[in-house]
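Student: Let's see this in three dimensions:
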Amino acid sequence: MCMIDYQDDPELLHRLSNNDQLAFKMIYEKYERFLYLLAYKNLQNKEGVEDLVQEIFIALWKKRSTATTILVLKAYLIRMCEYKVWKKNNAPKKTSSLDAMSYDTASQVLGRATDDSAMEHELIYLDQLSQFKNNLAKIHGTKRADVFIKVKVELLDEEDVAQSENITVGTVRKHVATVMKYLREQVQSKNQITPNPPHSL
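Tutor: Predicted coordinates:
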């Protein structure tokens, strides 16, 4: 089975932000099967899963103008899938994120081959996702980080986040922009110096 190459995702997202339909098609072909397997594990309903996957890609296309703000495409799609599964099941808790699963479980969900190269590839991805979350942990104690996680990771509506945090939608957007800027600096930094996280409110 072919492995997913994550390295060209930033370029695809850049093209998507410029209304490139071919880039959107490439993203669809790249992740459709993966998302289907992930959703089916929780829903066990073929028709419902197909609809859910279509909803994910429709939502991605609608958000194409801001596609370059997505830091890790696969992580973004996973969270969107989990959130939609949770909404369909009306469960009190979200499904576990991929990086919280054991590697064996993750392999089953991904439907990957068990050869060494496939395993190495997936472990590299899981390590990258772990590093990304470590960056978030540095600012997790701030209100900005909490808002960012709800909007960008949990994919909650800005209005719902504003209500739960007792702030305005404008403030939600400012917090997200502040944390996004910080994370970009972390990702793009070419030295070993770690910038200070945003100050607590």
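
Student: Domain boundaries for the chain, per the record?
Tutor: According to automatic domain parsing, the chain comprises the domains 1-115, 138-201.

Student: Confidence-wise, which of those domains is weakest overall?
Tutor: Within those, confidence is poorest for domain 138-201, with a mean of 72 (mean pLDDT).

Student: separation between residue 164 and residue 177?
Tutor: With distances taken as C-beta to C-beta, to the nearest Å, residue 164 is found 19 Å from residue 177. Every residue, glycine included, has its C-beta placed from N, CA and C.

Student: What are the boundaries of the helices in the chain?
Tutor: All helices of the chain, identified by DSSP state H, fall at 9-17, 21-43, 46-62, 73-89, 103-110, 116-137, 143-148, 158-165, 169-188.

Student: tell me the most buried of the ones you listed?
Tutor: helix 143-148 (a mean of 21; mean count of other C-beta atoms under 10 Å).

Student: can I get the CA coordinates of it in PDB?
Tutor: What follows is helix 143-148, C-alpha atoms only, in PDB (Å, rounded to 0.1, in the frame of the first residue of the first chain):
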ATOM      1  CA  LYS A 143      -5.900  32.300  27.800                       C
ATOM      2  CA  ARG A 144      -4.600  32.800  24.300                       C
ATOM      3  CA  ALA A 145      -3.400  29.200  24.000                       C
ATOM      4  CA  ASP A 146      -6.800  27.900  25.400                       C
ATOM      5  CA  VAL A 147      -8.700  29.800  22.700                       C
ATOM      6  CA  PHE A 148      -6.300  28.700  20.000                       C
END
